[in-house]
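*Asks:* any chance you could fold what I've pasted below:
(chains A and B)
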2 protein chains.
Amino acid sequence: MPTQLGIAMDTRIKIFHRYSCKGGGKFKLNKGELKLLLQRELTDFLSCQQDPQLVDETMKDLDANKDKEVDFNEFVVMVAALTVACNDYFVEQLKKKGK
Amino acid sequence: MPTQLGIAMDTRIKIFHRYSCKGGGKFKLNKGELKLLLQRELTDFLSCQQDPQLVDETMKDLDANKDKEVDFNEFVVMVAALTVACNDYFVEQLKKKGK
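*Replies:* Residues are numbered from 1 along each chain as shown, chains lettered A, B, ... in the order given. Here you go, the predicted model:
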């Protein structure tokens, strides 16, 4: 039976490919695909963001090899960084409650 | 409504804390906690591993700051590396099928 962690890892792979296969390089996200993914899959985390340059900036930050596309490894780095930020917030709240 | 990616990120945080709170540093995994987490949550990925040194070696690999415990950032690096390995396999299979 798949474990919760296995399902969570599988979800990341499926979501990346759901958007990367829309056009251009099948295994990479172009700017349009990244924009769709951010809008649809990271709404909770980005709802406070009103920056019109967000997609451009995220693309620039993630595109480590400067090919104007985001590959899976670069995408995983983004999700890892967001998860660490969420965990920091979670731990801070727990500590405030004295747990 | 939470997105699939949001749920996947949340799952990682919950799983880490489910094991890290068992004893010792509440926000870090000691060797026993890491062993439990690997055995219970990564069975699919580790089922082919028969190495009795696996926990020791994983702890050594992950414990970047050498404090004999694995913190959340170190844990996220492990899950990211496993996810990239799974994705590489997935892409290879897709390419074999000519998709």
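
*Asks:* who in chain A is up against chain B?
*Replies:* By the criterion of CB under 8 Å from any CB of the partner chain, the positions of chain A lying close to chain B are A:2-13, A:15-17, A:27, A:40-45, A:72-73, A:76-77, A:79-80, A:82-84, A:86-87, A:90-91. C-beta: built from backbone N, CA, C; applies to glycine.

*Asks:* pull out the buried residues from the residues you listed.
*Replies:* Neighbour-count burial (16 or more other CB atoms under 10 Å in any protein chain shown) is assigned, among those, to A:3, A:5-6, A:8-13, A:15-17, A:27, A:41-42, A:44-45, A:72-73, A:76-77, A:79-80, A:82-84, A:86-87, A:90-91.

*Asks:* circling back to that earlier point, among the residues of chain A next to chain B, which are in strands?
*Replies:* Secondary-structure check on those using DSSP state E: no residue lies within strands.

*Asks:* residue closest to the middle of chain A?
*Replies:* A:Val79 (4.1 Å; CA atoms, centre = their mean).

*Asks:* quick one: contacts for that residue?
*Replies:* In this structure, A:Val79 makes contact with A:Arg12, B:Leu5, B:Met9, B:Ala80, judged by CB atoms under 8 Å, 6 or more residues apart in numbering or on different chains.

*Asks:* pLDDT wise, what is the first one at?
*Replies:* What it means is A:Arg12. At A:Arg12, the predicted lDDT confidence score is 93.

*Asks:* what do you get for the third one?
*Replies:* On pLDDT, B:Met9 comes in at 90.

*Asks:* hang on, the earlier thing: among the buried ones among the residues of chain A next to chain B, name the ones in helices.
*Replies:* By the criterion of DSSP state H, membership of these in helices covers A:5-6, A:8-13, A:15-17, A:41, A:44-45, A:72-73, A:76-77, A:79-80, A:82-84, A:86-87, A:90-91.

*Asks:* helix, strand, or coil at A:Ala64?
*Replies:* Using DSSP: H, G, I helix; E, B strand; the rest coil, the structure places A:Ala64 in coil.

*Asks:* just to check, it is in contact with A:Val76?
*Replies:* No: using CB atoms under 8 Å as the test, A:Ala64 is too far from A:Val76 to be in contact (11.4 Å).

*Asks:* can you find the helix or strand of chain A with the lowest average pLDDT?
*Replies:* Using mean pLDDT, DSSP states H and E, the weakest-scoring helix or strand in chain A turns out to be helix A:43-46, at a mean of 70.

*Asks:* name the element A:Lys95 belongs to?
*Replies:* In this structure, A:Lys95 is located in helix A:72-96 according to DSSP states H and E.

*Asks:* quick one: mean pLDDT for that helix?
*Replies:* Across helix A:72-96, pLDDT averages out at 90.

*Asks:* tally up the residues packed near A:Lys96, please.
*Replies:* A total of 8 residues lie near A:Lys96 under the criterion other CB atoms under 10 Å in any protein chain shown.

*Asks:* gap between it and A:Ala81?
*Replies:* Using CB to CB, to the nearest Å, one gets 23 Å for the distance from A:Lys96 to A:Ala81.
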